[in-house]
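> dropping the sequence and predicted coords here.
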Amino acid sequence: FGMEVFRRSSCLDGFNAFVDRAGFKGKRCIEIGTCHGLTAIVLARYFDEVITFDITPKPIRHEIAAFCGVTNIRFVDVTSNAEREERLRGVEFDAAYIDGNHTRETHEDFALVGHCGQVMFHEYWPLQPAVWQLVNDLRERGAVVSHGTYAIWRS
């Protein structure tokens, strides 16, 4: 599939090792911002089902998942955050991975999925102030485990 599919993927930064070590697993995980689907493929090892939401569709993700033999991912393309919120209404899930627009939508994304009580963040470092501040504030509302640029908050 070429190097382009890895260019913006967070799975190259110790993603699998952190997910495994932190025990991030369950029945259904919502992923916001999967790009080419590589993190969804990793998450599919730890969850019965992964549902991803992307505003910028990358059709190659279906080919990559099929090539890997992964069948427990639903890739959902939406045209806006409002559509994503509508499509998520009524969906039960016990975990979420937020890797969308870190600069503008971190708080909005968390407000949408935080009720599940187990949320993983990418870009947890001072260079991404919205994520950094939100995760640090969440320490008052639960436990945070972090490593590198990943953090998991559990209520």
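Great, that's in hand.

> tell me the pLDDT of the closest residue in space to Gly117 that isn't next to it in sequence.
Nearest residue to Gly117, sequence neighbours excluded (Cβ to Cβ, 6 or more residues apart in numbering): Ser155, at 4.0 Å. In short, each C-beta sits where N, CA and C put it, glycine included. Looking at Ser155, its pLDDT stands at 97.

> now do Arg8
Listed pLDDT for Arg8 reads 68.

> cool, Ile41 as well?
pLDDT, Ile41: 96.

> ditto for the one 4 residues further on
According to the predicted model, the pLDDT of Arg45 comes to 97.

> how many neighbours does it have?
13 (other Cβ atoms under 10 Å).

> am I right that the residue nearest to Gly117 is in contact with Glu140?
No. Using Cβ atoms under 8 Å, Ser155 is not in contact with Glu140; the gap is 11.1 Å.

> those two: who's more crowded?
Ser155 (12 against 7).

> OK, contacts around the more buried one?
Neighbour list for Ser155: Gly117, Gln118, Arg141, Gly142 [criterion: Cβ atoms under 8 Å, 6 or more residues apart in numbering].

> distance of it from Asp94?
According to Cβ to Cβ, to the nearest Å, Ser155 stands 11 Å off from Asp94.

> for the residue nearest to the spatial centre of the chain, phi and psi?
Residue closest to the average C-alpha location in the chain (Cα atoms, centre = their mean): Tyr97, at 2.5 Å. Phi and psi for Tyr97, reported as degrees, to the nearest 10, are phi -120, psi 120.
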